[in-house]
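J.: Pasting a predicted model and its sequence here:
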Amino acid sequence: MSYAKAADGVRIAYQSAGAGAPLILLAGQANNHHWWDDIRTDFHGTHRTITMDWRGAGDSDKPDRACTTVDFADDVIAVLDDLGIERADVYGTSMGGRVAQWVAARHPERVGALILGCTSPGDAHGVPRAPEVRRSLAQPDRVAARRALKELMYTPAWLATHTGPLQTLGDPTMPPYAQRRHRIASAQHDAWDALPHIRSRTLVLHGGDDIFNPAANAPLLAERIPGAELRVIPGARHAYFDEFRTLASPLALEFLTA
């Protein structure tokens, strides 16, 4: 593990493994680099993978101040700068996909291929999750709320045979204020006007049964980004890249190495 320093002095922890073309993997909201633990080796035949802990999560600094998905994108650039990487492929999922939109739009010279997984252009122009989904996650019974989150991420068949640990359910070390900062940053994301300016080859990936970040957002992104390709994995929920790894990783690799 190493540290990059963001423009505001915040230390951003990052991890690098494998060899080959650089590929930075961006995790979801209120999660750390362990989001990718079970998947990153799928890319090591062709890529050096780089993961990072968002500010507020993992081993990164945890300042209690407002942040945005643009700030997170600047942190991604700080990591690439610290590694001396001029250009990398970028694969972002969930909030990481929101951040990846800004990385590609604001720093086109730094991004090779771009994969946007289970993500959204933002609720202002996208499809927000349904009120009942929000209520299921906000219910005061935290055991029930966590069960609801698991069922949004994975199918019942998967959960019946995979008791954990599941790396996509949030970073347990995050203080509540940092979780709140992440929620606000993700909720306020709106890259709609920037999407047509993305020039990277782009693949939009989504689970067909995702209601946590509704699958209807995938075609919106694909239509908004010039030349973007769209792949939807039938039956998959939000954590398509994990449960449907044997389908999702080959799709991503095929795109990255085209």
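T.: Happy to help now that I have it.

J.: burial measure for the closest residue to residue 107 other than its chain neighbours, as a count.
T.: Counting by Cβ to Cβ, 6 or more residues apart in numbering, residue 77 is the residue found nearest to residue 107 once chain neighbours are left out, at 5.8 Å. For glycine as for every other residue, the C-beta is placed from the backbone atoms N, C-alpha and C. Residue 77: 18 surrounding residues under other Cβ atoms under 10 Å.

J.: quick thing: my sequence starts at 18, can you match it?
T.: Right, with 18 as the first residue, what we last looked at is residue 94.

J.: give the contact list for residue 94.
T.: By Cβ atoms under 8 Å, 6 or more residues apart in numbering, residue 94 lies in contact with 120, 124, 127.

J.: Alpha carbons of whatever helix or strand residue 169 lives in, as PDB, please.
T.: Using DSSP states H and E, residue 169 falls within helix 159-170. Taking Å, rounded to 0.1, in the frame of the first residue of the first chain, the C-alpha atoms of helix 159-170 are listed here in PDB:
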ATOM      1  CA  ARG A 159     -30.300  -2.400  11.100                       C
ATOM      2  CA  VAL A 160     -30.300  -6.100  10.700                       C
ATOM      3  CA  ALA A 161     -33.300  -5.900   8.400                       C
ATOM      4  CA  ALA A 162     -31.700  -2.900   6.500                       C
ATOM      5  CA  ARG A 163     -28.500  -4.900   6.000                       C
ATOM      6  CA  ARG A 164     -30.500  -7.900   4.800                       C
ATOM      7  CA  ALA A 165     -32.300  -5.500   2.300                       C
ATOM      8  CA  LEU A 166     -28.900  -4.300   1.100                       C
ATOM      9  CA  LYS A 167     -27.700  -7.900   0.500                       C
ATOM     10  CA  GLU A 168     -30.800  -8.600  -1.500                       C
ATOM     11  CA  LEU A 169     -30.300  -5.500  -3.600                       C
ATOM     12  CA  MET A 170     -26.700  -6.600  -4.400                       C
END
